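Enquirer: when you get a sec, could you give me coordinates for this:
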Amino acid sequence: MANISVLLCLVITILVASGFANGSGYEPKEKIGVYELKKGDLSVKFTNWGATIISLILPDKNGKLADVVLGYDSVNEYKNDTSYIGAIVGRVANRIGGAQFTLNGTHYKLVANEGKNILHGGLRGFSDVVWKVKKYKNGGHTPSIAFTYHSADGEQGFPGDVIVTVTYTLLGDKQLSIKMKAKALNKPTPVNLAQHTYWNLGGHNSGNILSQHVQIFGSKITLVDKGLIPTGKFASVKGTPYDFLKPQVVGSRIDKLKATKGYDVNYVLDGPAGNKLKRAAVVHDSKSGRMLVLSTNAPGMQFYTSNYLQDVKGKGGCVYQPRAALCLETQGFPDAVNHPNFPSTIVTPTKSYKHYMLFKFSTTS
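Expert: All right, here's what the predicted structure looks like:
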C-alpha cells in the first residue's frame, strides 16, 4: 500500500508540473473579456486571455484606418491558437535548451513542448491563462489597462511563486507603452517575458511584409544550433543577411535563410544596459506610409517573420500564410539561464523584473 501511495503521489506531481491540472481541465477564476483603449485615432483592443493585443487600428498617410496586427474574430479562437498571436509569453519567453537548468545547486526539469526543449513557458505558459484585470481606465490623457497573474510554484516546472503585471498605456500622439513587471515571492527563478504581436503595417489582411523596410539597432546576434538553442557565442551581423543596421527591405535577403525559412533570431541590441530606453527597431510600410519605432530597456530582440504560419484563419476570414507579419519580441537572451555569459534573467524576492517597450506610430508621405 505504501508503494502505491508513493506511486500515486509521483503521478500527481508529474501531472501538476506538466500543466495537466491546467490543461483540458483548466478552470479560470476570472471571466474572459475584451477591453478597448482609445486616444485620438489610435485604438487598441485586448483580452485578458494571455493579456493579448487583439487589434490595433491606425490611420495611413491618407487617413484611412486599418488593423495592423494579426488576430482572430473571437476570444475562443485565441484559446486554440498555437502561434502565440498577440500574447504575453512566459514565465520564460523563447527557448530553454533541454527544458532544464540548475539554479543555486538545484536542478529543475521543465515541461518540454518543442521536442526536448521548452518554448515560451511550456505547454501552458502565460499566453494560455486568464489574467486578472487589475486596473482599467479608458479615458483621459493616458488610457490604460493593467493585467496581473499569479504563477504558482512548480508551474510548468519553474520554481517559486511569481506575481506578474503587464500594463498597456496610450501616451501622447499615437504611442503605446508596455510595462512588464514580475516579483518573486519566495524563491529565485528565471523570468523573461515577451510581447508576441504579429505586425503588418499595411494591414493584417494586406498580404506579406516582404516589401516593408526594417532597421534593427543590433550589431550582433546570438548564434544557435539546429534546434535554435544558443551556443553561447555571438556573431557580427555585418556583411550577412542579418544586417539591418541601415534600413533594408525585409524580402531582399530572406531567401538566403533556408534553415529557418526566414528571420528567427535574437539580436543583441546596442546601447546601455539597465532601465533606460534605447531604440530597438524601426518598421516602415511605404505603400500605406505607416511607421513604427520601438524602444526598450531589454538587452535583446527576437526578429521573427512568421515563417511557420500556415493556413491560419484570422480576422474577417483572412487566411494568414508564412511571412504575413513580423514580430519584434524584445527580451532577455534565449536560454540565458544556461549561459553565465548572458545577461541574467534570474529574479529573486529582493530583485524584481522590469521590462519596458514603447511603440511610436506615425505616417510619412
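
Enquirer: can I assume residue 166 sits in a helix?
Expert: No - assessed with DSSP: H, G, I helix; E, B strand; the rest coil, residue 166 is strand; it does not lie in a helix.

Enquirer: how many neighbours does it have?
Expert: Counted by other CB atoms under 10 Å, the residues lying close to residue 166 total 25. Placement of C-beta: from N, CA and C, glycine included.

Enquirer: wait, it sits on residue 180?
Expert: Yes - applying CB atoms under 8 Å as the test, residue 166 and residue 180 come out as touching, 5.1 Å apart.

Enquirer: got the buried residues for stretch 139-146?
Expert: For stretch 139-146, burial by neighbour count (16 or more other CB atoms under 10 Å) applies to 143-146.

Enquirer: nearest to residue 312, of those residues?
Expert: If you rank those by distance to residue 312 using CB to CB, residue 145 comes first, at 26.0 Å.

Enquirer: and the closest residue in space to that closest one that isn't next to it in sequence, helix, strand or coil?
Expert: The shortest distance from residue 145 to any non-neighbouring residue, by CB to CB, 6 or more residues apart in numbering, is to residue 136 (4.9 Å). Three-state call for residue 136 (three-state DSSP): strand.

Enquirer: residues near residue 136, how many?
Expert: Residues lying near residue 136 (other CB under 10 Å) number 16.

Enquirer: shared neighbours of residue 166 and residue 180, anything?
Expert: By the contact definition CB atoms under 8 Å, 6 or more residues apart in numbering, residue 166 and residue 180 are jointly contacted by 88, 193.

Enquirer: can you give me the helices for this structure?
Expert: Under the criterion DSSP state H, helices of the chain are mapped to 2-17, 75-79.

Enquirer: ranking the ones you listed by mean pLDDT, which is last?
Expert: Among the helices of the chain, helix 2-17 has the lowest mean pLDDT, at a mean of 40.

Enquirer: returning to that earlier point: separation between the residue nearest to residue 145 and residue 92?
Expert: Using CB to CB, to the nearest Å, we find residue 136 at a distance of 28 Å from residue 92.

Enquirer: and residue 230, by the same measure?
Expert: Here the distance between residue 230 and residue 92 works out to 13 Å (CB to CB).

Enquirer: cool, and residue 208?
Expert: Separation of residue 208 from residue 92 (CB to CB) stands at 30 Å.

Enquirer: surely residue 222 meets residue 333?
Expert: Yes - the criterion here is CB under 8 Å, and residue 222 meets it with residue 333 at 5.7 Å.

Enquirer: which neighbours do these two share?
Expert: Counting by CB under 8 Å, 6+ apart, the common neighbours of residue 222 and residue 333 are 230, 266, 268, 300, 342.

Enquirer: what is the neighbour count of residue 120?
Expert: Using other CB under 10 Å, the number of residues around residue 120 comes to 24.

Enquirer: next: the one 3 residues further on.
Expert: For residue 123, the neighbour count with other CB under 10 Å is 17.

Enquirer: likewise residue 102?
Expert: Residue 102: 10 surrounding residues under other CB under 10 Å.

Enquirer: what's the answer for residue 63, then?
Expert: Residue 63, neighbours per other CB under 10 Å, totals 8.

Enquirer: check contacts around it.
Expert: Residue 63 is in contact with no residue at all, counting by CB under 8 Å, 6+ apart.

Enquirer: what's the spacing between it and residue 181?
Expert: In this view, residue 63 and residue 181 are 36 Å apart by CB to CB.
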